[in-house]
Structures are given as structure tokens and as C-alpha cells.
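**Student:** Turn this into a model:
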Amino acid sequence: MKSILEQLSSITVVVADTGDLDAIKKFQPRDATTNPSLILAAAKNPDYIKLIDQALESSRKSLPVGFSESELIKETIDQVSVFFGKEILNLITGRVSTEVDARLSFDTEATVTKARKLINHYKSFGIDKERILIKIASTWEGIKAAEILEKEGIKCNLTLLFNFCQAVACANAKITLISPFVGRILDWHKAKTGKDNFAGCEDPGVISVTKIYNYFKEKGFKTEVMGASFRNIDEIKELAGCDLLTIAPKFLDELNREEGELIKKLDEDTQSHSSIDYKFDERDFRLSMLEDQMASEKLSEGITGFSKAIEELEELLLKRLSEINNQKLISTTQI
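**Tutor:** You can find the predicted model right below:
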């Protein structure tokens with residue numbers, strides 16, 4: 001009998017949620033997603049030190065004479081994400097998601113500028129923008145930035161998405177893909193209710209993604225739905241049939257080892273058509289987020305977490321830069 005992973009792959013696009021190149025080689029997904037935390041984890045792996053050094057050197061060459069150390073690190077943050085993305089694209093046939101600096105989540109103009117820069121970095125390696133999804137937090141400013149980028153042919157993946165309003169705002173803006181979170185919603189409800197176990201179909205994160213998927217298919221939205229942030233494989237199985245699911249390597253391995261029949265839970269061909277067409281302007285969006293304690297808390301927490309990961313990556317790059325400079329100094333002294 002085929003494994004659960006094999007069955008899932010036949011009805012849903014399975015995406016690897018990792019920056020670990022070895023894991024991507026092992027599972028051979030069509031697409032892959034990264035975020036600052038995943039890039040940081042990969043950058044700490046000694047096996048990938050060469051990529052860090054290449055990003056530092058490339059950044060050094062791209063800056064004008066007289067650049068400061070802080071300017072070098074800032075430039076390398078962009079380039080290291082692209083260097084990892086480039087290596088990932090050598091291993092998959094589809095797309096990689098590369099995230100804009102989370103510290104820009106409330107700045108539309110800066111997000112657009114950063115996204116264009118990332119696409120240009122990929123272009124310098126001969127990589128077509130069709131293979132890139134620019135990952136942006138689902139703030140109002142982020143959605144507006146993605147709307148601008150989509151009109152320029154730059155495809156976006158809106159992340160840190162926790163409620164229906166965020167999802168619909170993305171669909172109305174004609175965003176390519178959204179990543180509604182599952183596990184982080186479950187975490188919030190566990191903490192607030194004290195209830196530790198939720199059956200798959202009762203999981204609040206699963207319910208959220210199912211509602212979004214069904215509405216999108218009823219209304220014929222082209223925006224793809226990619227469930228993300230899983231805490232167990234039951235959540236994944238409850239969303240079998242979703243457009244895409246981005247899954248961490250440990251769960252890919254678990255699904256690959258499990259056998260049995262996988263039931264398709266989501267199916268666009270069985271949707272009934274609702275008469276309600278939801279539209280959210282900026283005022284409606286902000287009110288919805290204010291009224292949804294879970295969504296507002298988790299969005300803030302996610303942006304803060306990704307921002308801290310970027311700051312830690314900056315520290316790691318500074319440390320590596322110091323090591324390289326010291327090695328050069330020693331070599332010069334020995335000569």
C-alpha cells in the first residue's frame with residue numbers, strides 16, 4: 001500500500017517547509033518555503049558555511065567603495081536568503097518562497113522596494129521570477145504591497161495569516177498564494193482554554209483553513225491556499241485536498257512511514273455557492289483584526305519572532321565576517 005505521503009502528494013501539492021537542503025533532497029517536493037527562522041537554522045549548520053561566505057563576498061562586491069560594516073551585513077541579509085533559495089531551486093522543479101524582512105511589515109513602500117531587490121538578485125543568477133514567491137506578512141500594508149507587486153508580475157505568498165478577513169483581503173487583491181496558519185491557532189486555543197487535545201476535525205486551525213478554502217472555491221478565486229504551521233500529522237490529513245500544504249521534514253518523514261487509506265477532506269468540485277460576497281476595506285480590516293484577539297496576537301507574535309530571527313542572523317553574519325577578517329590578517333602577517 002502507498003504511504004500517506006504518497007497518497008497526499010497525488011491530491012495536494014506537498015511543499016517542504018525548510019531551508020535544510022538535505023531534507024529537500026530526501027523528499028523531493030515540488031515547491032519549498034523558507035522564513036527567517038528557517039534560514040537562521042540552516043545558516044547555523046556548519047555544512048552551509050560556504051553559502052554564508054559566498055553571500056558575504058557577493059554583498060561586498062555589490063556595494064560602493066567605502067561601505068560600512070552595517071551596510072555590508074544589511075546587504076548580506078538579502079543575499080543569504082537568495083543564495084539559499086538558489087540552492088533550493090537546483091533541487092526542486094517548482095517555486096521557492098523567499099521572505100521580505102519582517103521589520104518592514106507595516107511599510108508598504110519599503111516592502112515593495114525590498115521585494116523588487118530580491119527578484120533582481122535572483123535574476124542575476126538567471127532565475128526567472130516565475131519560480132519565486134515573495135513572502136510577505138498579511139498586514140494591511142503587506143497586502144497592499146503584494147497587490148502592487150502582483151501587477152508587476154511578481155508573485156507573492158502572504159504569510160502569518162490567521163483569520164478569514166486577512167484571507168479574503170488577499171483574494172480580493174488577486175494575490176497568487178496565501179499561507180493560512182494551523183498550528184499557531186491551535187497553540188492559542190490550547191493556552192486560552194486549557195484544553196490539551198482537539199480531534200482533527202475540531203482543531204480550530206483546521207476549521208479556519210477549511211472555511212477559507214471552501215469560500216475561495218465557491219467564489220472562484222484564483223488565489224491558491226497553502227495550509228502551514230502544523231503541530232501534528234492529524235492536522236495535515238484533515239486538510240488533504242487543499243491546494244498546497246507546506247510541511248516540516250519531521251512530519252514529511254512521519255507521513256512517509258505511515259500506511260493506510262487517506263481520505264480527501266477538501267474538494268473544490270463539491271462546493272456549494274454562497275450568496276455572500278465579502279469585501280473588506282482598510283477600516284473593516286483593522287476592525288476585524290482588533291476584534292479577533294487570536295489573530296492580532298498571533299500576527300504580532302509572528303512578526304516579532306521573525307524580526308528577532310533576522311537580528312540573530314545579523315549577529316551570526318557579523319561573527320563570521322570577523323572570523324574571515326581575522327583569517328586574512330593572520331595570512332597577511334605570515335607572509
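
**Student:** Now A146. Nearest residue, chain neighbours left out?
**Tutor:** Leaving aside its chain neighbours, A146 sits nearest to C156 (4.0 Å; criterion: C-beta to C-beta, 6 or more residues apart in numbering). Glycine gets a C-beta too; all of them are placed from N, C-alpha and C.

**Student:** ok, now I134?
**Tutor:** Nearest non-adjacent residue to I134, counting by C-beta to C-beta, 6+ apart: A115, 4.5 Å away.

**Student:** Can you give me the neighbour number for the one you found?
**Tutor:** Counted with other C-beta atoms under 10 Å, the neighbours of A115 add up to 25.

**Student:** Enumerate every residue touching it.
**Tutor:** Shown in contact with A115 (C-beta atoms under 8 Å, 6 or more residues apart in numbering): V100, I134, I136, A145, L149, I154, C156.

**Student:** Just checking the distance from the strand or helix carrying it to the centre of its chain.
**Tutor:** Taking DSSP states H and E as the criterion, the element that holds A115 is helix 108-124. Centre-to-centre, helix 108-124 and its host chain are 16 Å apart (C-alpha atoms, centre = their mean, to the nearest Å).

**Student:** which other residues reach the following helix or strand past it?
**Tutor:** Per DSSP H and E, the first helix or strand lying C-terminal to helix 108-124 is strand 132-137. Residues from elsewhere that reach strand 132-137 (C-beta under 8 Å, 6+ apart): 33-35, 85, 95-100, 102, 105, 111, 115, 118-119, 122, 142-143, 145-146, 149, 154-160, 176-177, 179, 299, 302-303, 306.

**Student:** can you tell me which of these are in strands?
**Tutor:** T33, V96, S97, T98, E99, C156, N157, L158, T159, L160, L177, S179 (DSSP state E).

**Student:** isn't the last one right up against A228?
**Tutor:** By that I understand S179. Yes - the criterion here is C-beta atoms under 8 Å, and S179 meets it with A228 at 4.2 Å.

**Student:** neighbours around W140, how many?
**Tutor:** Using other C-beta under 10 Å, the number of residues around W140 comes to 18.

**Student:** distance of it from S105?
**Tutor:** W140 sits 10 Å away from S105 when distances are taken as C-beta to C-beta, to the nearest Å.

**Student:** next one: G85
**Tutor:** 20 Å.

**Student:** Next: P249.
**Tutor:** Distance, P249 to S105, using C-beta to C-beta: 27 Å.

**Student:** Neighbour count: these two, which is higher?
**Tutor:** When neighbours are counted by other C-beta under 10 Å, P249 and S105 differ, and S105 comes out ahead with 25 against 17.

**Student:** Look up which residues are beta-bridged to the closest residue to the more buried one other than its chain neighbours.
**Tutor:** Computed as C-beta to C-beta, 6+ apart, the closest residue to S105 that is not its neighbour in sequence is A137, at 4.1 Å. When bridges are called by DSSP bridges, A137 pairs up with T159.

**Student:** Run a quick neighbour tally on A137.
**Tutor:** By other C-beta under 10 Å, 25 other residues sit near A137.

**Student:** F216 too?
**Tutor:** Close neighbours of F216, defined as other C-beta under 10 Å, add up to 22.

**Student:** how much space between it and I175?
**Tutor:** Taking C-beta to C-beta as the measure, F216 falls 11 Å from I175.
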